[in-house]
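Chemist: predicted structure and sequence below. I'll ask about it afterward.
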Amino acid sequence: MDHKQITTSLAERTGLNAATVNSLLGSLTDIIADNCAELNSIAIPGFGTFSAEKTDEYVVNNADGSRTLMPPAVTVKFNPSIILRKKL
């Protein structure tokens with residue numbers, strides 16, 4: 001399912017127009033991104049938990065013998081709730 005299909009489906013289920021649903025989805029993703037950037041976890045009851053983990057910088061040895069410094073990164077992991085797992 002892509003963004004357009006999600007927007008259309010939510011608009012049909014909620015009775016809102018597609019522009020409003022698109023705005024709400026944008027706000028939701030902004031909230032999740034902002035909190036994960038601060039390394040906070042976000043729990044949505046009945047859906048799951050988004051948690052952020054920061055990895056430190058590290059050195060990679062390439063096949064040609066050169067070394068590359070990889071910058072620190074923040075990765076987001078999603079753990080579905082038990083309710084969501086049972087539905088799937």
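Modeler: Nice, I can see it.
Chemist: touching, Ala18 and Ala11? I think so.
Modeler: Yes: the criterion here is CB atoms under 8 Å, and Ala18 meets it with Ala11 at 4.8 Å. (C-beta placed from N, C-alpha, C; glycine too.)
Chemist: what about the two, which has more around it?
Modeler: Each of Ala18 and Ala11 has its neighbours counted (other CB atoms under 10 Å); Ala11 has more, 16 against 13.
Chemist: so which helix or strand takes in the more buried one?
Modeler: Using DSSP states H and E, Ala11 falls within helix 3-14.
Chemist: quick one, helices of the protein?
Modeler: Assigned by DSSP state H, the chain shows helices spanning 3-14, 18-37, 82-87.
Chemist: now for these, which one comes closest to Pro71?
Modeler: Closest approach to Pro71 among the helices of the chain (CB to CB): helix 18-37, 14.8 Å.
Chemist: can you spell out which helices and strands pack onto the closest one?
Modeler: For helix 18-37, the packing partners by 3 or more CB pairs under 8 Å, 6 or more residues apart in numbering; DSSP states H and E come out as helix 3-14, strand 42-44, strand 48-55, strand 73-80.
Chemist: go again using 7 Å as the cut-off
Modeler: When contacts are defined as 3 or more CB pairs under 7 Å, 6 or more residues apart in numbering; DSSP states H and E, helix 18-37 packs onto helix 3-14, strand 48-55, strand 73-80.
Chemist: rewinding a little: identify the residues contacting the helix holding Ala11?
Modeler: Outside helix 3-14, the residues within contact range by CB atoms under 7 Å, 6 or more residues apart in numbering are 17-18, 21-22, 25.
Chemist: quick one: distance of that helix to the chain centre.
Modeler: Relative to its chain's centre, helix 3-14 lies at 19 Å (CA atoms, centre = their mean, to the nearest Å).
Chemist: to Asp64, which of the helices of the chain lies closest?
Modeler: Here helix 18-37 is closest among the helices of the chain (CB to CB), at 34.3 Å.
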